[in-house]
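return atomic coordinates for the entry below.
(one chain, ligands or ions: 1)
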Amino acid sequence: MPELPEVETVRRGANQVTLNREITGGDVLLDRTIAYPFSVADFLNGISGKAIAQWHRRGKYLLAELVKGSREQGAIPSCKSQVASRKSQLIPNSEFRIPNSEFLGVHLRMTGQLLWLPQDEPLHKHTRVRLFLAENWELRFVDQRTFGQMWWVPPERAVESVVTGLATLGPDPFSSDFSVEYFATKLRDRRRPIKNALLDQSIVAGIGNIYADEALFRAGVQPQTLCADLRSPQISRLRTAILEVLEASINAGGTTFSNFLNVQGVNGNYGGVAWVYNRSGKPCRICNTPILKLRLAGRSAHFCPQCQK
Ligand SMILES: [Zn+2]
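Here you go, the predicted model:
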């Protein structure tokens, strides 16, 4: 499943190839991929004639900021977007506040892939949506499991009122809102395993199974530890570890072991260097103790019983 680093890789890839190209139209092959508007025709009418000024990310949601297309206004990105663009080269989407704008929203869910292809490229059988851009290129959404979603957010609507999952989403890990103090407050007195809390998108956005396991290893905390039993230094170490594993993966371009391709169809390579994820029975890379696996919240958790106390 694409996690935050993969989605961030898609965002960066999309920013490299799609900006300032007008969306000339599209073809929706699976209607229910379009979550809003309820009419596919309204969706295509909404985005057509617009150009993509900038791709943003909140958790695992991608938001393409739309401006009037080149035929009308020269498709000049807004000032806000240019500031966001400069910042995004340093740190992933750190302080993004959703501007008052019009958007194309995309969530990849389990198996969604956003590919950048010439329009004459033969269709993959799981192709769900094709968005045609100028010069005969297209953004092609391929999604085997069909949980992926797209939205058009009209300019007069608040983005959270259309992409409703954003309303309950916790802070992005790279935002200053995800402070040690915030994290400690969210974990205080909670009698549930820390692994479950890390997967809770209302506490922090975008962390899935892989990076939760990896961050807990780096912080030296066992996944079944109850939140209420964590001491302040552990919470601080865990927050740092989350940022480190996400950054390492973003720098490596995502993972190889998920069903993920970035926008240009290239696999990432974080998988080869995982400390614990999917390594049960294999020797810990630090102490050689076999990695253990247990079930928490219906998901597998991997950890080293020696390095994580
Ligand atoms: Zn170990």
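
could you use CA atoms for every contact and neighbour count after this?
OK.

how about the residues of this protein near the ion?
The chain has residues 284, 286-287, 304, 306-307 near the ion, with proximity defined as CA under 5 Å from the ion.

give me that answer again for 6 Å
284, 286-287, 289, 304, 306-307 (CA under 6 Å from the ion).

now the residue in the stretch 101-250 of the chain positioned nearest to the ion: how far from Thr240?
Nearest residue of the stretch 101-250 of the chain to the ion (CA to the ion) works out as Phe217 at 8.5 Å. For Phe217, the distance to Thr240 equals 12 Å [CA to CA, to the nearest Å].

ok, the two, which is more surrounded?
Neighbour count, other CA atoms under 10 Å: between Phe217 and Thr240, Phe217 has more, with 24 against 17.

and the more buried one, that's in a helix?
Yes: using DSSP: H, G, I helix; E, B strand; the rest coil, the assignment for Phe217 is a helix.

which residues in the stretch 201-309 of the chain form strands?
292-296, 299-303 (DSSP state E, counting those that start in this stretch).

parallel or antiparallel, which strands does the first one pair with?
In this case it means strand 292-296. If you go by DSSP bridges, strand 292-296 pairs up with strand 299-303 (antiparallel).

please identify the buried residues of the strand it pairs with?
The neighbour-count check on strand 299-303 (16 or more other CA atoms under 10 Å) flags 301-303 as buried.

and stretch 290-309, by the same measure?
For stretch 290-309, the buried set under the neighbour-count rule, 16+ other CA under 10 Å, comprises 290-293, 301-305, 307.

check stretch 186-201 too.
For stretch 186-201, a neighbour-count test (16+ other CA under 10 Å) marks 186-187, 192-201 as buried.

any chance of the buried residues of stretch 290-309 in a markdown table, plus pLDDT?
Below are the buried residues of stretch 290-309 laid out as a markdown table (pLDDT from 0 to 100):
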| residue | pLDDT |
| --- | --- |
| Pro290 | 98 |
| Ile291 | 97 |
| Leu292 | 98 |
| Lys293 | 97 |
| Ala301 | 97 |
| His302 | 97 |
| Phe303 | 98 |
| Cys304 | 98 |
| Pro305 | 98 |
| Cys307 | 98 |
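
which of the helices and strands in this protein ranks last by mean pLDDT?
Across the helices and strands of the chain, mean pLDDT, DSSP states H and E gives its lowest value to helix 79-88, namely a mean of 42.

any chance you could list what contacts whatever helix or strand comes next after it?
For helix 79-88, the following helix or strand on the C-terminal side (DSSP states H and E) is strand 102-107. By CA atoms under 8 Å, 6 or more residues apart in numbering, the residues outside strand 102-107 that reach it are 47, 60-67, 148-156, 159, 163.

mind giving me the packing neighbours of whichever helix or strand comes after strand 102-107?
The C-terminal neighbour of strand 102-107 among helices and strands, as given by DSSP H and E, is strand 112-118. Secondary-structure packing of strand 112-118 (3 or more CA pairs under 8 Å, 6 or more residues apart in numbering; DSSP states H and E): strand 137-143.

what about dumping the CA coordinates of the strand it packs on to PDB?
C-alpha atoms of strand 137-143 as PDB (Å, rounded to 0.1, in the frame of the first residue of the first chain):
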ATOM      1  CA  TRP A 137       0.300  13.400 -22.500                       C
ATOM      2  CA  GLU A 138      -2.000  12.000 -19.800                       C
ATOM      3  CA  LEU A 139      -2.100  11.300 -16.100                       C
ATOM      4  CA  ARG A 140      -3.400   7.700 -16.000                       C
ATOM      5  CA  PHE A 141      -4.900   6.300 -12.800                       C
ATOM      6  CA  VAL A 142      -4.400   2.600 -12.600                       C
ATOM      7  CA  ASP A 143      -6.000   0.800  -9.600                       C
END
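
angle of that strand against strand 112-118?
150 degrees (axes from the mean of the first three to the mean of the last three CA atoms, to 10 degrees).

what strands line up against strand 137-143, and which way round?
With DSSP bridges as the test, strand 137-143 pairs up with strand 112-118 (antiparallel), strand 127-133 (antiparallel).

in TSV, list the ones you listed along with mean neighbour count.
Shown next, in TSV, are these (neighbours: other CA atoms under 10 Å):
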stretch	mean neighbour count
strand 112-118	22
strand 127-133	22
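
dump those strands to CSV, plus distance to Arg21 and mean pLDDT.
Shown next, in CSV, are the strands paired with strand 137-143 (distance: least, CA to CA, whole Å; pLDDT from 0 to 100):
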stretch, distance to Arg21, mean pLDDT
strand 112-118, 13, 89
strand 127-133, 6, 97
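
reformat those strands as TSV; add distance to Leu29.
Listed next are those as TSV, based on distance: least, CA to CA, whole Å:
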stretch	distance to Leu29
strand 112-118	14
strand 127-133	5
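
Pro5 contacts Ile250, doesn't it?
Yes: using CA atoms under 8 Å, Pro5 makes contact with Ile250 at a distance of 4.8 Å.
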